[in-house]
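*Asks:* Starting from these lines, generate the structure:
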Amino acid sequence: MARESIRSAISPNERLQLLYHPWTSYVIVPLFALANAGIEIDGDFLERAAHSPITLGVLVGYVAGKPFGIVGTALLVTWLSRGRLRPTAGWGAVAGAGASAGVGFTLSLLVATLAFHGAQLDEAKAGILAAPVGAAAVTWLVFRTIGLLSQRRRIAALLGGAEPLLDLEFPVDPESDHIRGPLDAPVTVVEYGDFECPYCGRAEPEVRELLRDFADVRYVWRHLPLTDVHPHAELAALASEAAADQGAFWEMHDQLLEHQNKLQMADLVSYAARLGLDVARFTENLQGRVGANRIAEDVEGADLGHVSGTPTFFINGRRHHGAYDLDHLSRAVRAAGARAKLAAS
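*Replies:* Take a look at the predicted model:
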């Protein structure tokens, strides 16, 4: 009850943040900074600023220097690492992000007051205030140019090459992995999960909704029972493998995640009976730990892939670093689908 009360209190706050975020970010904060700039803008001042090396230097530093530094550093790191370290997005997206970095001036106003005084300070402030306009224009120009490219080149510019470095240690094997969805789907979502992990339980409805929304996604469950914190996780994993021996892995998978607080031996046997399995055979396999080797293979793959918590998702072999709600997973799946389309073209 306490957890639900906290959640109900947080939800209105989150909605208010979403409602007022555009106003605070794009109106209130810029107006606050402009009001506190402390300069009087008139024709004479604008003419002086247009010929001031300080104003022009600040403006060029923001509008050209920041994109050059960001894109140049990314290129240098990619070259020095021979491609092992490179942006996860395309170079067009990197250029656009670099250009947008010039939008931002509140801290710069503070630095300017420490570096300049009098008329020079006013000229520096003019450059700082003009920089967001110039940076926004360059950002628009970059993405407008990308938008005019052919679909294949546009996808490459935004999402990168067709052969990304993969984070998933063991590739998906239709012969041994537990797969939901079409086997030949262009997008594969792999989840390392623990049947007793409450976060896996919360992720399950999101995954179900994802599979309903995307017919071209295959979903793979791999075991990572965290036995140090979840005492029944390994037994539950063994139960799913005992059910898999009778062709009912996913039915048992759903039962286990639906009843995470009831994962003792008697509970597992009752689920097998509810699913119409051969209970004697199920119990014998469970007690004999028949699926232990299969589970150990998944755990080994997780260890080699530096997976330490559950749930951890991989989408087309790349680790998903965002949240695992439907919105974030859907965006990641769409991006992976676009990369797969690029690779096939």
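
*Asks:* Surely residue 337 is in a helix?
*Replies:* Yes: read with DSSP: H, G, I helix; E, B strand; the rest coil, residue 337 is one of the residues of a helix.

*Asks:* neighbours of it, just the number please.
*Replies:* Residues lying near residue 337 (other C-beta atoms under 10 Å) number 18. Where you see a C-beta, it was placed from the backbone N, CA and C, and this is true even at glycine.

*Asks:* Just give the closest residue to it, not the sequence neighbours.
*Replies:* Nearest residue to residue 337 in three dimensions, chain neighbours excluded: residue 187, at 5.2 Å (C-beta to C-beta, 6 or more residues apart in numbering).

*Asks:* how far away is that neighbour from residue 203?
*Replies:* 17 Å (C-beta to C-beta, to the nearest Å).

*Asks:* could you point out which element follows whatever helix or strand residue 284 lives in?
*Replies:* Per DSSP states H and E: residue 284 is located in helix 279-287. Later in the chain than helix 279-287, the nearest helix or strand by DSSP H and E is helix 292-304.

*Asks:* Tell me where the model's unsure across the stretch 1-150 of the chain.
*Replies:* 1-21, 25-26, 29-30, 32-40, 104, 106 (pLDDT under 70).

*Asks:* tell me the helices in the stretch 201-345 of the chain, going along the chain?
*Replies:* For the stretch 201-345 of the chain, the helices defined by DSSP state H, counting those that start in this stretch cover 233-244, 249-258, 265-274, 279-287, 292-304, 326-344.

*Asks:* Give the residue spans of the stretch 151-300 of the chain that score low on pLDDT.
*Replies:* Answering for the stretch 151-300 of the chain: the residues below the bar, that is pLDDT under 70, span 161-166.

*Asks:* go with 80
*Replies:* For the stretch 151-300 of the chain, residues meeting the criterion pLDDT under 80 lie at 151-152, 155, 159-166.

*Asks:* domain parsing for this structure?
*Replies:* Using automatic domain parsing, the domain parsing of the chain gives 36-159, 178-344.

*Asks:* circling back to that earlier point, quickly compare the helices of the stretch 201-345 of the chain and say which is most buried.
*Replies:* Comparing those by mean neighbour count (mean count of other C-beta atoms under 10 Å), helix 233-244 ranks first with a mean of 24.

*Asks:* For it, name the packing helices and strands.
*Replies:* Judged by 3 or more C-beta pairs under 8 Å, 6 or more residues apart in numbering; DSSP states H and E, helix 233-244 is in contact with helix 249-258, helix 265-274, helix 279-287, helix 292-304.

*Asks:* Residue 129 is nearest to which of these?
*Replies:* helix 292-304 (51.1 Å; C-beta to C-beta).

*Asks:* Which residues does the closest one contact?
*Replies:* 168-170, 176, 192, 222-225, 234, 237-238, 241, 312 (C-beta atoms under 8 Å, 6 or more residues apart in numbering).

*Asks:* just stretch 255-264 next, same as before
*Replies:* Applying C-beta under 8 Å, 6+ apart, the set of residues contacting stretch 255-264 is 195-198, 200-201, 204, 232-233, 235-236, 239-240, 267, 271, 274-275.

*Asks:* please redo it, this time with the cut-off set to 6 Å
*Replies:* For stretch 255-264, contacts defined as C-beta atoms under 6 Å, 6 or more residues apart in numbering pick out 195-196, 201, 204, 232, 236, 271.
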